[in-house]
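Undergrad: what's the 3D shape of this:
(one chain, ligands or ions: 1)
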Amino acid sequence: MTTTAPHTTPAAGAIFPPAFRWGAATAAYQIEGAANEDGRTPSIWDTFSRTPGKVRNGDTGDIAADHYHRMRDDVALMASLGLTDYRFSVSWPRVQPTGRGPASQKGLDFYRALADELLFRGIRPVLTLYHWDLPQELEDAGGWPERDTAYRFAEYAELVAGALGDRVQTWTTLNEPWCAAFLGYADGVHAPGRTEPAAALRAAHHLNLGHGLAVGVLRDTIPTSAEVSLTLNLAAVRPLTNSPADVDAARRIDALANRVFLDPVFHGRYPEDLLADTADLTDWAFVQDEDLRVISRPLDSLGINYYSPTVVAAGSHPLPSPWPAAQDHVRFVPAPGPRTAMDWPVDAGGLYELLTRLRDELPDTPVLVTENGAAYDDYVDPSGAVHDPERITYLREHLEAVHRAMEAGADVRGYFLWSLLDNFEWAYGYGKRFGMVHVDYASQRRTPKDSALWYAQVVASGGVPRE
Ligand code: GCO
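TA: All right, here's what the predicted structure looks like:
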């Protein structure tokens, strides 16, 4: 019927390639609940959320969205939205209680059943091994600042790979090691709640090492056709002005947010400026001879999570903060623009900047946008609908930014909306709703928001229609 190819017709909007992967993402502790069932032991997030004052309203993941008991219905919901991919994480203390020793068969069975259900519905499982739920026993033994935790992680990876390697094609080692290291060990706003900047740098290295060791285990265990990946929440850092002092502030944050992971993983080295900036805190002697070779094992893709940009200027900021050794050098400046319920500015340009940067710096590495989305104060109206026009605008703008980056040569293979369901938003508890599906926590009733219906149309048509 059409005489012009769709991608050349502006009226059609942004059309994505037919193989583009359209997904949604979740994480174990944020949705599963069943915190004390089938042998699961506490993670650092169980401990942290039960500590008064750490999570708003005293919320915990004990019940969450009760996904552990509603898994089949939730997969049916994904199928009804037409998703091609589903990104979930495995709870370490569910499959290896206490973080040592043999696997729990019941724990593995849950994820095998989830993968089977997804495959039955024609949805590709995208598995993340670590989305922040370190077994509490391993934190008691020192946590990520201790080198042994990296070896424990590799052992756990082997248990999961052995049980799911035959049915999961896409494997991610870590989700956002920046948050695990720096929010958890320097800022203290995430579990385990420590405020020790030097320990946070050790944690970052041992997360990198755990990643590299796990890549080795995965390559040895799962079929060679499988995709092995890592997800980083790279910061789209912008200096407030072009003054040398502001540009230097941006350089510092780029080192602490981005290059502390990108450089060892993709180039087998830590950035010289990072080592110099943090020299008063540590001499980095915890980096042993072979580590960088292990950490830089080749990957098949890189996942990036993006929500909003980071604007910095020369100045200072109070401690505790997630930025070791930057407190006398960097001031954080609120970016302009409309805000989400998290008070995060909406600025899709940051996603375009990151994707084109990766195009230039890692031209041979395909990219997945493994998280992007927004929280708003959603409610079910008397007619039973959830109207969330701001979220649709947010998603539209960010998908258009992805498309523009692809037209500019970025090799983006998929997009995963954060999140499938409203869920436990870490230190914010259940007060922040990121889902495209509303969850009434009292009844556990799921209600697709307008944005879910919009996203289903995007997936079905393979593109973002013009407004
Ligand atoms: C993340 C997080 C999610 C958050 C989301 C919104 O990986 O940061 O994976 O767990 O819920 O980012 O803050």
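Undergrad: check what pLDDT the residue in the stretch 1-150 of the chain that the ligand sits nearest to gets.
TA: Going by Cβ to the nearest ligand atom, the ligand is nearest to Ala27 of the stretch 1-150 of the chain, at 4.8 Å. All C-beta spots, glycine's among them, are computed from the backbone N, C-alpha and C. Looking at Ala27, its pLDDT is 99.
Undergrad: same check on Gly414?
TA: pLDDT recorded at Gly414 is 99.
Undergrad: and it, backbone torsions?
TA: phi -170, psi 170 (degrees, to the nearest 10).
Undergrad: does it really touch Val369, like I thought?
TA: Yes. Counting by Cβ atoms under 8 Å, Gly414 touches Val369, with 7.0 Å between them.
Undergrad: more neighbours: which of these two?
TA: For the pair Gly414 and Val369, the greater number of neighbours falls to Val369 (28 against 24), based on other Cβ atoms under 10 Å.
Undergrad: can you tell me the SS state at that one?
TA: Secondary structure assignment for Val369 (DSSP: H, G, I helix; E, B strand; the rest coil): strand.
Undergrad: wait, doesn't it sit right on Leu354?
TA: No. Using Cβ under 8 Å, Val369 makes no contact with Leu354, being 9.2 Å away.
Undergrad: so which bits of the stretch 51-200 of the chain are right by the ligand?
TA: In this structure, the stretch 51-200 of the chain approaches the ligand at residues Asn175, Glu176, Cys179, judged by Cβ under 6 Å from any ligand atom.
Undergrad: just the ones of the residues you listed in helices?
TA: Using DSSP state H to define helices, no part of these is located there.
Undergrad: follow-up on the earlier one: quick check: the residue of the stretch 1-150 of the chain closest to the ligand vs His67, distance?
TA: Separation of Ala27 from His67 (Cβ to Cβ, to the nearest Å): 10 Å.
Undergrad: over to Ala191?
TA: 20 Å.
Undergrad: which one's more surrounded, these two?
TA: Legend: neighbour count by other Cβ under 10 Å for Ala191 and His67, higher for Ala191 (29 against 25).
Undergrad: what sits closest to the more buried one if chain neighbours are left out?
TA: Computed as Cβ to Cβ, 6 or more residues apart in numbering, the closest residue to Ala191 that is not its neighbour in sequence is Phe48, at 3.5 Å.
Undergrad: and the helix or strand harbouring that neighbour, how far from the chain's centre?
TA: Assessed by DSSP states H and E, Phe48 sits inside helix 44-49. Computed by Cα atoms, centre = their mean, to the nearest Å, the chain-centroid distance of helix 44-49 equals 19 Å.
Undergrad: run through who's touching it.
TA: Helix 44-49 is touched from outside by 29, 35, 54-55, 59-62, 132-136, 139, 143, 184, 190-193, 424, 426, 429, with contacts defined as Cβ atoms under 8 Å, 6 or more residues apart in numbering.
Undergrad: again, but for stretch 80-89
TA: Contacts for stretch 80-89 (Cβ under 8 Å, 6+ apart): 21-28, 75, 78, 114, 118, 122-131, 133, 170, 172, 175, 370, 414, 416, 420, 436, 448, 452, 455-456, 459-460.
Undergrad: how close does Lys106 sit to Leu355?
TA: Between Lys106 and Leu355 the computed distance is 40 Å (Cβ to Cβ).
Undergrad: the stretch 351-467 of the chain: strands as residue ranges?
TA: With DSSP state E, counting those that start in this stretch as the criterion, the stretch 351-467 of the chain has strands at 367-372, 412-418, 437-440, 445-448, 463-464.
Undergrad: tell me the most buried of those strands?
TA: The highest mean neighbour count among the strands of the stretch 351-467 of the chain, using mean count of other Cβ atoms under 10 Å, belongs to strand 367-372: a mean of 26.
Undergrad: in its sheet, what does that one sit against?
TA: Under the criterion DSSP bridges, strand 367-372 sits next to strand 301-305 (parallel), strand 412-418 (parallel) in its sheet.
Undergrad: centre of the chain versus it, how much separation?
TA: On Cα atoms, centre = their mean, the centre of strand 367-372 falls 8 Å from that of its chain.
Undergrad: other residues contacting it?
TA: Residues outside strand 367-372 that contact it (Cβ under 8 Å, 6+ apart) are 21, 25, 87, 126, 172, 175, 229, 231, 233, 301-307, 351, 355, 358, 395, 398, 402, 410-419.
Undergrad: and the average pLDDT for that strand is what?
TA: Summarised as a single mean, pLDDT over strand 367-372 is 99.
Undergrad: and stretch 432-446, by the same measure?
TA: What stretch 432-446 shows for mean pLDDT is 98.
Undergrad: rewinding a little: distance to the ligand added to the strands paired with strand 367-372, as TSV?
TA: As requested, the strands paired with strand 367-372 are arranged in TSV below (distance: least, Cβ to the nearest ligand atom, whole Å):
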stretch	distance to the ligand
strand 301-305	5
strand 412-418	5
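Undergrad: for the chain, which spans come out with low pLDDT?
TA: Across the chain, the ranges flagged by pLDDT under 70 are 1-12.
Undergrad: go with 90
TA: Low-confidence segments of the chain, defined by pLDDT under 90: 1-13, 465-467.
Undergrad: what about the helices in the stretch 1-150 of the chain?
TA: Per DSSP state H, counting those that start in this stretch, the stretch 1-150 of the chain has helices spanning 28-31, 44-49, 67-81, 92-95, 105-120, 136-140, 148-164. These are given in chain order.
Undergrad: return the set of buried residues in stretch 333-351.
TA: Buried residues in stretch 333-351, counted by 16 or more other Cβ atoms under 10 Å: Val333, Ala335, Thr340, Ala341, Trp344, Pro345, Val346, Asp347, Ala348, Gly349, Gly350, Leu351.
Undergrad: list the contacts for His329?
TA: Asp248, Ala249, Arg252, Ala314, Gly315, Ser316.
Undergrad: let's see that with 10 Å instead.
TA: Contacts for His329 (Cβ atoms under 10 Å, 6 or more residues apart in numbering) come out as 245, 248-249, 251-253, 277, 312, 314-317, 323.
Undergrad: do Asp263 as well
TA: Contacts for Asp263 (Cβ under 10 Å, 6+ apart) come out as Asn208, Ala255, Arg269, Tyr270, Pro271, Glu272, Leu274, Leu292, Ile295, Ser296.
Undergrad: pull out the buried members of these.
TA: Burial by neighbour count, judged by 16+ other Cβ under 10 Å, picks out Asn208, Ala255, Tyr270, Pro271, Leu274, Leu292, Ile295, Ser296 from the contacts of Asp263.
Undergrad: need the max-distance pair from those.
TA: Using Cβ to Cβ, the two most remote members of the buried ones among the contacts of Asp263 are Ala255 and Ser296, lying 17.6 Å apart.
Undergrad: coming back round to it: so which of the contacts of His329 wins on neighbours?
TA: Busiest of those [other Cβ under 10 Å] is Val312, holding 27 neighbours.
Undergrad: in a helix, that one, correct?
TA: No. Using three-state DSSP, the assignment for Val312 is strand, not a helix.
Undergrad: when you give positions from now on, start the count at 18
TA: Shifting the count to begin at 18 puts that one at Val329.
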